[in-house]
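Trainee: Sequence and predicted structure below; questions after.
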Amino acid sequence: MGNDQVATHRLCKKSDGSSMKPSVSASRVLCRPALESDYADIAEFCKGIWDGGDYVPEVWHDWLKDPNGLLVTAEYERHAIGCCKLTRLAEAQWWLEGFRVDPKYQGLKAGSRLHDY
């Protein structure tokens with residue numbers, strides 16, 4: 001088992017603490033700092049969130065430039081399928097917001113990977 005699969009396996013736990021076998025697809029979800037080019041994918045799937053009223057597309061460009069935070073994208077097969085924004089509010093205080101995963105890709109552990117990034 002490769003290192004990536006081992007890391008994935010550690011993340012795949014049932015609520016009772018027992019292990020689940022990770023899917024091959026889950027091991028191909030990559031989390032990284034967001035790019036301007038991720039915007040189209042993110043804006044597209046956000047159209048279906050909050051009945052089309054999701055604020056993430058409106059603040060995406062500002063979040064990319066925020067020196068006090070980190071905007072992260074989950075990528076699968078060269079598509080942005082999730083995101084979250086972490087902002088430092090004070091010395092030991094952080095704010096996590098805009099946590100989204102495209103419903104078409106839920107089940108790939110993208111949310112867990114974003115959280116653990």
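Mentor: All right, it came through fine.
Trainee: what is the mean pLDDT for the strand ranked longest in the chain?
Mentor: In the chain, with assignment by DSSP state E, the single longest strand is strand 79-90. Across strand 79-90, the average pLDDT comes to 96.
Trainee: Mind giving me the packing neighbours of the following helix or strand past it?
Mentor: Downstream of strand 79-90, the first helix or strand assigned by DSSP states H and E is strand 93-101. In this structure, strand 93-101 packs against helix 39-46, helix 56-65, strand 79-90, helix 110-116, with contacts taken as 3 or more C-beta pairs under 8 Å, 6 or more residues apart in numbering; DSSP states H and E. (C-beta placed from N, C-alpha, C; glycine too.)
Trainee: could you redo the last one with a cut-off of 10 Å?
Mentor: Counting contacts by 3 or more C-beta pairs under 10 Å, 6 or more residues apart in numbering; DSSP states H and E, strand 93-101 packs against helix 39-46, helix 56-65, strand 69-76, strand 79-90, helix 110-116.
Trainee: I'd like to know which of these is closest to Glu97.
Mentor: strand 79-90 (5.2 Å; C-beta to C-beta).
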